[in-house]
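K.L.:
sequence and predicted model, in that order:
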Amino acid sequence: MPQTTLLELDRQHLIHPVTNFRAHEKRGATILQSGHGAYLRDADGRELLDAFSGLWCVNTGYGQESIVQAAAEQMRILPYATGYFSYGSEPAIRLAARLVELAPASLRHVYFTLGGSDAVDAAVRYITYYYNAIGQPQRTEYISLQRGYHGSSSVGAGLTALPVFQRHFNLPLPTQHYISSPYPYRNPLGNDPQALIAASVAELRAKVAGLGADRVAAFFCEPIQGSGGVIVPPRGWLKAMADACRELGILFVVDEVITGFGRTGPLFACADEGVEPDMMTMAKGLTAGYAPMGALMMSEALYQAIAEGAGPDIAVGHGQTYSAHPVSAAIGLEVLRLYHEGGLLANGAARAPQFEQGLRDLLAHPLVGDARSRGLLGALELVADKDSKRQFDPALRLHERIAQAAYEQKLVFRAFGDNILGFAPALCYTEAEFELLFGRLRATLDQVLAQPEVARALS
């Protein structure tokens, strides 16, 4: 079909996620045609270096033939199998068992979803069931972090603390509450890791006390806040929050949808601090974006309480048609093999210092106020004044200028509306590809800095 026809059909019929409808109608779509390794090719034939792994998810890179073969073989054998009525399929059973082997030791049971948002939604539903089952139905209050992201479901978007996901959606709910983001660059305590950790723990304790210790159900957090601007808390923060939740008697739920599957170094970011949560959500890197799939893992204690609460005759009423889809599960198994036997985890860990150094070198650029990363997850924060950390006037729409310049430089990454640039290169990146990334990124920043409106905005 001609590209002009596709663009017009897109404008007329396809609703894009997290998009201004009118702006998209005017701009039109950038149609992607193919991908290989770390590269994408658009419909005009332009080859783009993808520094964002699609949407934090194509950790293996594009065009991994063994994943394609695993999907095709499973489609031929059994393209669909319901998990209802006690049916199952081999790939889903094997994938669940493999995740239990690899995840923190506290997590013993797996519920498969279609992605991250419904994994969070499933967590809330099972938590609600759990507290009713153990005779504590009053525990209905939830706490998460400012700038946190936990999907865009009707409930999860309230745990998310980003205004765009709540405006006109009647969120957050009265039972959803926030504490401050562990944001070192903009924390009034300055660059003191222990002070920041202590402040987060104290704020969580105060919030629980204010809501009523017997009314709080759970605390949700990301080990590193992704869509909130790649906020990297100091090491030890996650463990301290987990310990506080244990002492407070509330559930500790870790959202590893973005950080899981080698993105921060180990397979799961929890492993970096020996954290064993009550629940953990995951998606994205589980199938490397090759097919939709997410998962919720839960502890033995939660599982047994829910099972006992249901009794011998009544089903636990949560499910989805495509839960434990055999093709997605077959893909997940092959992706896990590539992370371990295929060397992708090792390559990601080996390349992380080059990635970190490349970001830090850009601190010398006039536009860059902060560089932060862990593993192959990182960000640059652009500021109008480095000393005061003053942000650019939103009317300048700097993030749009950056995104356009990056495309012209044949580079893809995430330019957030508050002028934070997010990066999540695939675990297959080579040394040469990182050199290319930072060369194109510097050229992007220089191109935008050369615009008179931007130059005048700098102090």
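P.N.:
Okay, I see it.
K.L.:
how does the chain divide into domains?
P.N.:
The record's domain split for the chain, according to automatic domain parsing, is 31-63+345-457, 66-340.
K.L.:
reformat these as TSV; add mean neighbour count and distance to residue 8.
P.N.:
Where C-beta positions appear, they are placed from N, C-alpha and C, glycine not excepted. TSV is the format used below for those (neighbours: other Cβ atoms under 10 Å; distance: least, Cβ to Cβ, whole Å):
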stretch	mean neighbour count	distance to residue 8
domain 31-63+345-457	18	12
domain 66-340	20	27
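K.L.:
including distance to residue 25 and mean pLDDT, could these go into a markdown table?
P.N.:
Shown next, in a markdown table, are the domains of the chain (distance: least, Cβ to Cβ, whole Å; pLDDT from 0 to 100):
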| stretch | distance to residue 25 | mean pLDDT |
| --- | --- | --- |
| domain 31-63+345-457 | 16 | 97 |
| domain 66-340 | 18 | 97 |
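K.L.:
for those domains, which one sits closest to residue 20?
P.N.:
Closest to residue 20 of the domains of the chain is domain 66-340 (Cβ to Cβ; 9.8 Å).
K.L.:
give me the contact list for the helix or strand hosting residue 119.
P.N.:
Element membership for residue 119 (DSSP states H and E) is helix 116-133. Applying Cβ atoms under 8 Å, 6 or more residues apart in numbering, the contact partners of helix 116-133 are 111, 113, 137, 139-140, 142, 150-156, 159, 217-218, 220, 251, 253, 255, 257, 279, 281-284, 294-296, 298, 302, 305-306, 308-310, 316, 318, 320.
K.L.:
do the same with stretch 179-189
P.N.:
The contact list for stretch 179-189 (Cβ under 8 Å, 6+ apart) reads 143, 145-148, 191, 193, 195-197, 199-200, 203-204, 207, 225, 228-229, 231-234, 237, 369-370, 372, 381, 389.
K.L.:
try 6 Å this time
P.N.:
Residues outside stretch 179-189 that contact it (Cβ atoms under 6 Å, 6 or more residues apart in numbering): 145-147, 195-196, 200, 203-204, 207, 231, 233, 237, 370.
K.L.:
beta partners for the closest residue to residue 250 other than its chain neighbours?
P.N.:
Nearest residue to residue 250 in three dimensions, chain neighbours excluded: residue 216, at 4.9 Å (Cβ to Cβ, 6 or more residues apart in numbering). In this entry, residue 216 is beta-bridged to residue 141, by DSSP bridges.
K.L.:
could you do the one 5 residues further on as well?
P.N.:
For residue 221, the beta-bridge partners are residue 254 (DSSP bridges).
K.L.:
please tell me how far it sits from residue 62.
P.N.:
Residue 221 sits 31 Å away from residue 62, going by Cβ to Cβ, to the nearest Å.
K.L.:
helix, strand, or coil at residue 270?
P.N.:
Taking DSSP: H, G, I helix; E, B strand; the rest coil as the rule, one finds residue 270 in the helix state.
K.L.:
all helices of the stretch 1-150 of the chain, in order?
P.N.:
3-13, 21-27, 53-56, 65-77, 90-102, 116-133 (DSSP state H, counting those that start in this stretch).
K.L.:
for those helices, give me JSON lines that also has distance to residue 272.
P.N.:
Below are the helices of the stretch 1-150 of the chain laid out as JSON lines (distance: least, Cβ to Cβ, whole Å):
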{"stretch": "helix 3-13", "distance to residue 272": "41"}
{"stretch": "helix 21-27", "distance to residue 272": "38"}
{"stretch": "helix 53-56", "distance to residue 272": "18"}
{"stretch": "helix 65-77", "distance to residue 272": "27"}
{"stretch": "helix 90-102", "distance to residue 272": "14"}
{"stretch": "helix 116-133", "distance to residue 272": "20"}
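K.L.:
for residue 402, which of those helices is the nearest?
P.N.:
Of all the helices of the stretch 1-150 of the chain, it is helix 21-27 that lies closest to residue 402, at 15.6 Å by Cβ to Cβ.
K.L.:
contacts made by that closest one with the rest, please.
P.N.:
11, 16.
K.L.:
list the buried residues for it?
P.N.:
Within helix 21-27, no residue is scored as buried using 16 or more other Cβ atoms under 10 Å.
K.L.:
excluding sequence neighbours, find me the nearest residue to residue 413.
P.N.:
Residue 413 sits nearest to residue 51 (Cβ to Cβ, 6+ apart), 4.4 Å away.
K.L.:
could you do residue 36 as well?
P.N.:
Distances taken as Cβ to Cβ, 6+ apart put residue 63 closest to residue 36, at 4.2 Å, once the chain neighbours are dropped.
K.L.:
now do residue 374
P.N.:
Distance criterion Cβ to Cβ, 6+ apart; nearest residue to residue 374, sequence neighbours excluded, is residue 264 at 4.7 Å.
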